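**Student:** Pasting the sequence and the predicted model now:
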Amino acid sequence: MCQITRKQLFFATALAASSVSAYAVEFSIEGKLTNFYDASGAPGASGENVAAVECNGSRVALKSVDPAKTVYSTPSSANVAKAAFFSTTAFPGFGNGSDVALKGGTCIIEGNSSGATFIADTFFGEPAENVLVGPVTSGPTEQFSIMGVPIIVLTDDTTHLQDPALALPAGDPNRDPNTGTPDPMRRIVASPPVNQFGYPVVLGTVPKDDLSAAEGYLADGKFYAFAIETTGGDPRKPKPTDPVQELPAPTVQRATLEFRSTTASRMEIRGGCVIGDSKTLDVSGAAPNRTQAIRIVVDSTAIPAGSTAPVTRWFMPNNVATNQSDLGNLDKVPETAATNATCTEDAATPGSGSYRFRVDNYTYGGNTGRAVPVNVKIGIRGKAYSVPSVMERIKFP
């Protein structure tokens, strides 16, 4: 099964043989978050009053002036308000206290230093870095658990947690207990539990002994999860407000853009799909793994010549860098337009498949008409597109 991907710290050290900068030097630090200081240097600060922190034994100053404020993030949120990030309101499973709730948790800080002063550009925090990978040990009407540890999902949306057939009145012995517990400050909010192909599943239907994984933190004898991936389980039924689709849109499980130069990057995208009903037999009469043709498109927002308004266009990044089709408005793309990737059925899970797509040299800038992409969408011949997924940028200056 696909492992859950978490934020990783990338250490890159550039040594110049001829000279050493006398000004700003980049730094990257990961460790335990232990202290919070106000503008006067006194410890015990919280909320908006935090001016510096101690991470892994180093004191790091925070930026509080626009437009270069320090950006705060958690495993589920790319931009958390400073007041919430340094709130004393406890995460579920912990008791409230006078200290910032993240005290003792994990900090990943990147920024620049000038002399003995370290200044944070980005600040990632979470209560702990815990992962469970193993068999499900709960039954159909029991609290979901992995390897005997109860899993509490950090959400107040039970759509993906309960089997509708078991959403019975409180006190009924057959009631599905998977209800979820939200973080009151919304610092960490769980994404829907998904299967190995990235499709949401009803957690209460995942069978015993299913190989599953959860990422979050352990507290009060329970595992509070912001991400869960299973092998089995019933797919979530569409809500009445969901658009009707012949096939569900393919999923995006990870999309990365790795910097190569100011005009090109390596692009890699992977995810899952639902295979259509048709079967193709080979010459022996056997039914080989089926495939589903899909289209991968990335956005490019630029200001056309002679205009002041930005326009978003979509490009299909083919494997040949010089053949990157401009699709313009996706709503007007004909269903017969070419596809650029293939999703192959998984032999162990008929009806579902996975894809992996890579372009080593996706170009932009200059006279290409393309800017550095931000989002990616996956479609089936233009009929069903996934919601935009933000691409993770790697090694960008």
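**Tutor:** Perfect, I can see it now. Residues are numbered from 1 along each chain as shown.
**Student:** can you pull out the helices in the stretch 251-397 of the chain?
**Tutor:** Remark: helices of the stretch 251-397 of the chain are absent; assignment by DSSP state H, counting those that start in this stretch.
**Student:** would you list every one of the strands in it?
**Tutor:** Using DSSP state E, counting those that start in this stretch, the strands assigned to the stretch 251-397 of the chain run over residues 254-261, 264-274, 291-302, 311-317, 324-328, 341-346, 349-363, 375-379, 389-390, 392-394.
**Student:** can you tell which of those is closest to residue 123?
**Tutor:** Set against residue 123 and scored by CB to CB, the strands of the stretch 251-397 of the chain come closest in strand 392-394, at 17.2 Å. Quick note: C-beta positions are derived from backbone N, CA and C, even for glycine.
**Student:** That closest one pairs with which strands, parallel or anti?
**Tutor:** Looking at strand 392-394 with DSSP bridges, its partner strands are strand 254-261 (parallel).
**Student:** ok, back up a step: weakest of the strands of the stretch 251-397 of the chain by average pLDDT?
**Tutor:** Lowest mean pLDDT within those: strand 324-328, at a mean of 75.
**Student:** Paired strands for that strand, with orientation please.
**Tutor:** For strand 324-328, pairing defined by DSSP bridges yields strand 311-317 (antiparallel).
**Student:** Same question for the partner strand: list its buried residues.
**Tutor:** Neighbour-count burial for strand 311-317 flags 313-317 (criterion: 16 or more other CB atoms under 10 Å).
**Student:** swap in stretch 133-142?
**Tutor:** Neighbour counts over stretch 133-142 (16+ other CB under 10 Å) mark 136-138, 141 as buried.
**Student:** just stretch 126-135 next, same as before
**Tutor:** Neighbour-count burial for stretch 126-135 [16+ other CB under 10 Å]: 126-127, 130, 132.
**Student:** so which of those comes closest to residue 269?
**Tutor:** For the buried residues of stretch 126-135, the nearest to residue 269 is residue 126 (25.8 Å; CB to CB).
**Student:** Per-residue confidence, the closest one, what does it come out as?
**Tutor:** 97.
**Student:** so what's it bridging to?
**Tutor:** Beta-bridge partners of residue 126, as defined by DSSP bridges: residue 106.
**Student:** So this structure: which segments form each domain?
**Tutor:** Following automatic domain parsing, one finds the domains of the chain at 25-126, 130-230, 254-394.
**Student:** Just to check, residue 49 is in contact with residue 38?
**Tutor:** Yes: under the criterion of CB atoms under 8 Å, residue 49 makes contact with residue 38 at 5.0 Å.
**Student:** Quick check: bridge partners of residue 152?
**Tutor:** Counting by DSSP bridges, the residues bridging with residue 152 are residue 224.
**Student:** pLDDT wise, what is it at?
**Tutor:** At residue 152, pLDDT is 94.
**Student:** does it really touch residue 221, like I thought?
**Tutor:** No: taking CB under 8 Å as the definition, residue 152 is not a contact partner of residue 221, at 10.4 Å.
**Student:** Compare the two (neighbour count), which wins?
**Tutor:** residue 152 (22 against 8; other CB atoms under 10 Å).
**Student:** The more buried one and residue 217, how far apart?
**Tutor:** 10 Å (CB to CB, to the nearest Å).
**Student:** between the two, what contacts are shared?
**Tutor:** Residues within reach of residue 152 and of residue 217 at once, by CB atoms under 8 Å, 6 or more residues apart in numbering, are 93, 223-224.
**Student:** which among those gets closest to residue 188?
**Tutor:** Within the shared contacts of residue 152 and residue 217, the smallest distance to residue 188 is 8.4 Å, found for residue 224 (CB to CB).
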